[in-house]
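Trainee: mind folding the following:
(chains A and B)
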Amino acid sequence: MKLLTHNLLSSKCLKGVKVGYPLRIVAKDVKISESEFNKEFVKKIIPKLDWKVFVNAAVQVRSTYDCTNVVTQEFNLYQSTTILTGFTKCLFFLFQIGHGNDLSDELIDDYEDDEEYLKKVHHLLMEVEIINGELICPETERVFPISSGIPNLLLNENEVS
Amino acid sequence: MKRVQYLLWFAHEHVSFRLHEIESIASVLKIPIKWLEPPTDKPWYLVELPSEEDVQKLSARSVTMRRAIQLWADEPTVPRLHASLKEKCLNGLLEPYKLKSFKVDVDLFCNSQTQEEKLERIESFSYMPFQGHVDLKNPDVTFQFIEYYGLDPKIIPENPIRTFFGRVVSESGRPLIHELSLKKRKFIGNTSMDPQLSLLMANLGKVSNGDLVLDPFVGSGSLLVAAAKFGGHVIGTDIDFLMLHGRTRPTRKQTRHIARKDESIEANMIQYSCLDKYIDVIVADSALPFWRSDVEFDCILADPPYGIREPTERIGSKESLPILKKEGSPVHFPSKVEYGLNEIIKDLMWFSSKHLKLHGRLLFWVPIFRQDYNDDQMARHSCFKLIGNCEQVLTTFTARRLLIYEKIKIPQDTDECSSAIPSASTFREKYFTHGDEYRLTRKQKKAEAAKNKEIWFAKLNNVNVK
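Mentor: Residues are numbered from 1 along each chain as shown, chains lettered A, B, ... in the order given. Predicted coordinates:
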């Protein structure tokens, strides 16, 4: 699950839940993959995001996740498939999120022309992926598992309103 | 600037989708089309377009078109076509292409030709002052000769009704159909959408670069692949946990004994090199609201389950106070209740009225019984305008229709939605009984015919004996 998807999902479907947004993230395995930057898409998607939730999610992924894990995982990847970029990317990721002052709580005004900024947003939206973990409803603490990168939002029979 | 006449030459299939496709692509690419002939079911459109570049862009996306041709001659008979071309060649029509390598393609619509006849036809253009050599594989320029014999294969006239000759400007996007072939696709389900129809849907949905596209009944993700090929960034949801995790029963008979690994929608995206456009798939019940309340998609494409090969279900329980059973597996598979097609469609329209951008398109398929079909039964919603309703015939009795809607206003409390597809509620039931009935009556008729034949033979024998 990418951070973009997290930004769009809620747990409103649960019986008795009013807003169910934002879902809390518990990230157990995180994968950093490479995805081609599409300026048009990032420009179009930014207005659709809840910006604060997005910035927070990036911080949560960092804080709930043990960074050394990323390194080993990426390093193993590097050893097995010799993708050097994966490793450097990972350092870049640690640098970027680890020192997460890059994206502030407020969206800058002239983002449309700031390619560097758009690239950072793209990275966090499309390249950071939670492979295993949990999404947690903010109102009821109901846990939705994420496995193999796919969140499972199915409810049980007794939770349907 | 002088506008040039182009002939858009089509493959003769999915005829009812053709005009919608061309109009949708032209609208996405903002290309104005001037119709030189009102569009008909004949396999061509005669149009004027601003530039050759526009023609190339338009045809590159089309999957109903074969190729676009710059028209040099358009005459009712072959001799007149030659006369017209001869005159135009004298006026220097061929000058820019004179020294280039070339080939001539011949198409007969609603007629056939042998190889000799084809060669004869090509030779008949030998008066044209070509100086370049013939190159069948990679010619610099291709010419197209077309003879049209009408639309009815039962009545083929001796001579063509209309003939065209021109220079091929560009080929269409049809190679994509083969590229996305289900035969070679990594992961398919038993209701995977045919690549041509998927691509058509993406075109009709006006998917363009950077769009956010949703398929709420994603299955094996055929529609996502097509939408991604045209620049859409795609998200899909499905109620079937096993499907999204690639753990359903194998659909390929030949390889079912081989352990399957790496089967997923994501794997398909990698196979077709559009992983960059893939956002996520989510296991969720589309009958429930699980999106943030102000999420807006640019396009919603869907092929809802018809209840034949895929069940129409949502989560629920028949018990008033459901009790959860403890299970061995770590994933809980909730029980499901019937979710009628009309309900599915109404929910889909309500959902889209909230979550589709203004002027965005919603497309979905509906199964119908051809004899009961009536245009008025199709779903309506006060936020949507029905743009198109195209039929794909499936069997003698059944067909499915692709409904194309455009969102025309922001939703209000007073909005209304109706869907009264009679076959939808009973489609499954009818699907399985109607065929039987038909077979039964056919069997009876056959038996009767055989009996009559016997009686007739007996009579004949009697006469002979006498």
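
Trainee: which SS class is the residue in the stretch 101-250 of chain B positioned nearest to chain A?
Mentor: Closest to chain A within the stretch 101-250 of chain B is B:Gly210: 3.6 Å, counting by CB to the nearest CB. Placement of C-beta: from N, CA and C, glycine included. Three-state assignment for B:Gly210 (DSSP: H, G, I helix; E, B strand; the rest coil): coil.

Trainee: hmm, it is touching B:Ala228, no?
Mentor: No - between B:Gly210 and B:Ala228 there is no contact under CB atoms under 8 Å: 11.8 Å.

Trainee: and the helices in chain B?
Mentor: B:15-29, B:52-61, B:78-90, B:115-123, B:175-179, B:195-204, B:222-229, B:241-244, B:265-271, B:341-355, B:422-465 (DSSP state H).

Trainee: next, count neighbours for B:Cys274.
Mentor: Neighbours of B:Cys274 under the rule other CB atoms under 10 Å in any protein chain shown: 22.

Trainee: list the residues that contact the closest residue to it other than its chain neighbours.
Mentor: In space, and not counting its chain neighbours, B:Cys274 is closest to B:Ala228: 4.0 Å by CB to CB, 6 or more residues apart in numbering or on different chains. B:Ala228 sits next to B:Val234, B:Met269, B:Tyr272, B:Cys274, B:Lys277, B:Tyr278 when contact means CB atoms under 8 Å, 6 or more residues apart in numbering or on different chains.

Trainee: repeat that for 6 Å
Mentor: If you count contacts by CB atoms under 6 Å, 6 or more residues apart in numbering or on different chains, B:Ala228 has them with B:Val234, B:Cys274, B:Lys277.

Trainee: hmm, B:Val337 is touching B:Pro311, no?
Mentor: No - at 10.4 Å, B:Val337 does not count as touching B:Pro311 under the criterion of CB atoms under 6 Å.

Trainee: can you check the pLDDT for B:Lys261?
Mentor: Per-residue pLDDT puts B:Lys261 at 73.

Trainee: tally of neighbours for it?
Mentor: B:Lys261 is flanked by 8 other residues according to other CB under 10 Å.

Trainee: and B:Phe165, by the same measure?
Mentor: Counted with other CB under 10 Å, B:Phe165 comes out at 24.

Trainee: quick check: closest non-adjacent residue to it.
Mentor: Per CB to CB, 6+ apart, closest to B:Phe165 is B:Ala73, 4.4 Å.

Trainee: isn't the one you found right next to B:Ala83, touching?
Mentor: No - taking contacts as CB under 6 Å, B:Ala73 lies outside contact range of B:Ala83: 9.0 Å.

Trainee: which one's more surrounded, those two?
Mentor: The neighbour comparison of B:Ala73 against B:Ala83 (other CB under 10 Å) goes to B:Ala73, with 19 against 13.

Trainee: could you look up the SS state of A:Glu34?
Mentor: Assignment for A:Glu34 (three-state DSSP): coil.

Trainee: distance check, it against chain B.
Mentor: Distance, A:Glu34 to chain B, using CB to the nearest CB, to the nearest Å: 9 Å.

Trainee: how deep is that residue tucked in, by neighbour count?
Mentor: Neighbour number of A:Glu34 under other CB under 10 Å is 14.

Trainee: in contact with it, which residues?
Mentor: If you count contacts by CB under 6 Å, 6+ apart, then A:Glu34 has nothing around it.

Trainee: per-residue pLDDT, the closest residue to B:Val331 other than its chain neighbours?
Mentor: In space, and not counting its chain neighbours, B:Val331 is closest to B:Phe241: 6.3 Å by CB to CB, 6+ apart. pLDDT recorded at B:Phe241 is 91.

Trainee: I'd say B:Phe241 and B:Val283 touch.
Mentor: Yes - with contact defined as CB under 6 Å, B:Phe241 reaches B:Val283; the gap is 4.9 Å.

Trainee: tell me which of these two has more neighbours.
Mentor: B:Val283 (23 against 19).

Trainee: that one: what's it in contact with?
Mentor: Residues in contact with B:Val283 (CB under 6 Å, 6+ apart) are A:Asn152, A:Leu154, B:Phe241, B:Leu244.

Trainee: in a helix, that's where the second one is, yeah?
Mentor: No - counting by three-state DSSP, A:Leu154 is not part of a helix but coil.

Trainee: so who does it touch?
Mentor: B:Val283, B:Pro334.

Trainee: and if we set it to 8 Å?
Mentor: A:Leu154 neighbours (CB under 8 Å, 6+ apart): B:Ile239, B:Phe241, B:Val283, B:Ala284, B:Asp285, B:Ile315, B:His332, B:Pro334.

Trainee: swap in B:Asn190?
Mentor: Per CB under 8 Å, 6+ apart, neighbours of B:Asn190: B:Thr251, B:Arg309, B:Glu310.

Trainee: what of B:Lys186?
Mentor: Contacts of B:Lys186 (CB under 8 Å, 6+ apart): B:Asp262, B:Glu263, B:Ala267, B:Asn268, B:Gln271.

Trainee: report how many residues lie close to the third one.
Mentor: If I follow you right, that is B:Ala267. The tally of other residues near B:Ala267 (other CB under 10 Å) stands at 17.

Trainee: near chain B, which residues of chain A are found?
Mentor: Within chain A, the positions adjacent to chain B are A:1-2, A:4-5, A:7-13, A:19, A:21, A:35-36, A:38, A:40-41, A:43-45, A:48, A:50, A:126, A:145, A:147-158, A:160 by CB under 8 Å from any CB of the partner chain.

Trainee: narrow these to those in helices?
Mentor: Going by DSSP H, the helices hold A:Leu4, A:Thr5, A:Asn7, A:Leu8, A:Glu40, A:Phe41, A:Lys43, A:Lys44, A:Ile45 from the residues of chain A next to chain B.

Trainee: any of those buried? List them.
Mentor: Neighbour counting by 16 or more other CB atoms under 10 Å in any protein chain shown classes A:Leu4, A:Thr5, A:Asn7, A:Leu8, A:Phe41, A:Lys44, A:Ile45 among these as buried.

Trainee: could I get those as CSV with pLDDT?
Mentor: Output for these, formatted as CSV (pLDDT from 0 to 100):
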residue, pLDDT
A:Leu4, 96
A:Thr5, 96
A:Asn7, 96
A:Leu8, 96
A:Phe41, 95
A:Lys44, 93
A:Ile45, 95
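
Trainee: widest-spaced pair of those?
Mentor: Maximum pairwise distance among those (CB to CB): 16.1 Å, between A:Thr5 and A:Lys44.

Trainee: good, wrapping up.
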